[in-house]
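Colleague: Got a predicted structure plus its sequence, pasted below:
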Amino acid sequence: MRRLTFLGIILAALGGCAGTPSGGEEQTLVDRATLSVQEILGGGNDQLNATAMLRRARAAMVCPRIFRAGFFFGGEGGGCVLLGRDAAGSWSSPAFYSLGSGSFGLQAGIQDMQVLMLIMNDKALNAVLDSQFKFGADASIAVATVGGSVEAATTAAVGADILVFARARGLYAGLTLEGSLLSARSEWNRAYYGQDVSPRQIVVAMAVHNPGADPLRAVLMRFGSRGGAATAPAFAPAAAAPGPGPIMPMQAAPSGAVQRSTLPPMR
């Protein structure tokens, strides 16, 4: 009974991350995603040369803070943003997602992570664009959590549809993204763009644009271009989060082995 109560507390806390937005939460998540990209790929932290893989990615999902906690029963959760790239190299505005799961097994600890997922092809992007995507449920989608060395990352990338990079703080044992569920946040998309719009319209058709996401789009473009990692400027969130921007068209501008480890500790 105590274990069930503990699990309920964990999942209730994590579930709060996926609710209806209240006044500027969407822009705060976008700003945090911008900072997370810089912290994962910049400042000498990109020891696995993820920027080279970003140049080939079809889309990117950034989760600024995924929180994990558990003792036998456990859970994880947090908010994420998904951006797609067109053939000209221009990134879309973000679509909002939540990542969450509950689990049971040999596990203990508390951890929060910054996660960058590189979606390498249209097959994986189409799977994520569905209303829900469960890691490990689709045998045709190979997900590799890369780490350890550039050579290990390169090996894991062969045949992988989604590459996951994470910077973690805290200790946690026995839990991976396997079984975690990505769910689209329709309410957050509606609040950010001022109208009902699907993730596919945002990420693939690039039918809407909020200027508050321009710093995130710019940092992905700079890190994802040759020589961009050295020139990407630091980002400072605006003092006040802007409201929904004008709704306008944007200008076009085989399974791999899973390697598990972490990038350098968060500072």
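Modeller: Received the coordinates, thanks.
Colleague: quick one, phi psi at the nearest residue to residue 199 once chain neighbours are set aside?
Modeller: Excluding its sequence neighbours, the residue lying closest to residue 199 (CB to CB, 6 or more residues apart in numbering) is residue 95, at 3.9 Å. (Glycine included, C-beta is placed from N, CA and C.) Here the main-chain torsion angles of residue 95 (degrees, to the nearest 10) amount to phi -100, psi 150.
Colleague: How much space separates residue 95 from residue 191?
Modeller: 13 Å (CB to CB, to the nearest Å).
Colleague: The two - which one has more neighbours?
Modeller: residue 95 (30 against 20; other CB atoms under 10 Å).
Colleague: need the contact list for the more buried one.
Modeller: By CB atoms under 8 Å, 6 or more residues apart in numbering, residue 95 lies in contact with 81, 82, 83, 184, 189, 199, 202, 203.
Colleague: From those, which land in helices?
Modeller: Counted as lying in helices by DSSP state H, out of these, are 189, 199, 202, 203.
Colleague: from those, which is closest to residue 39?
Modeller: Distance to residue 39, by CB to CB, is smallest for residue 203 among the ones in helices among the contacts of residue 95, at 23.2 Å.
Colleague: What residues does that closest one make contact with?
Modeller: 59, 82, 83, 84, 92, 95, 125, 129.
Colleague: Same list (those residues) but as CSV, adding distance to residue 145 and pLDDT.
Modeller: Shown next, in CSV, are these (distance: CB to CB, whole Å; pLDDT from 0 to 100):
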residue, distance to residue 145, pLDDT
59, 17, 98
82, 18, 98
83, 20, 98
84, 22, 98
92, 25, 98
95, 23, 98
125, 19, 96
129, 21, 94
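Colleague: which of these tops the neighbour count?
Modeller: residue 95 (30 neighbours).
Colleague: how near is that residue to residue 168?
Modeller: For residue 95 relative to residue 168 (CB to CB), the value is 25 Å.
Colleague: And residue 65, by the same measure?
Modeller: 11 Å.
Colleague: Give me the common contacts of those two.
Modeller: Common neighbours of residue 65 and residue 168 (CB under 8 Å, 6+ apart) are 112, 113.
Colleague: can you list contacts of stretch 120-127?
Modeller: Here stretch 120-127 has contacts from 53, 56-59, 84, 119, 133, 138, 140-141, 157, 160-163, 203-204, using CB under 8 Å, 6+ apart.
Colleague: Buried ones among these?
Modeller: 53, 57-59, 84, 119, 133, 141, 157, 160-163, 203-204 (16 or more other CB atoms under 10 Å).
Colleague: Perfect, that will be all.
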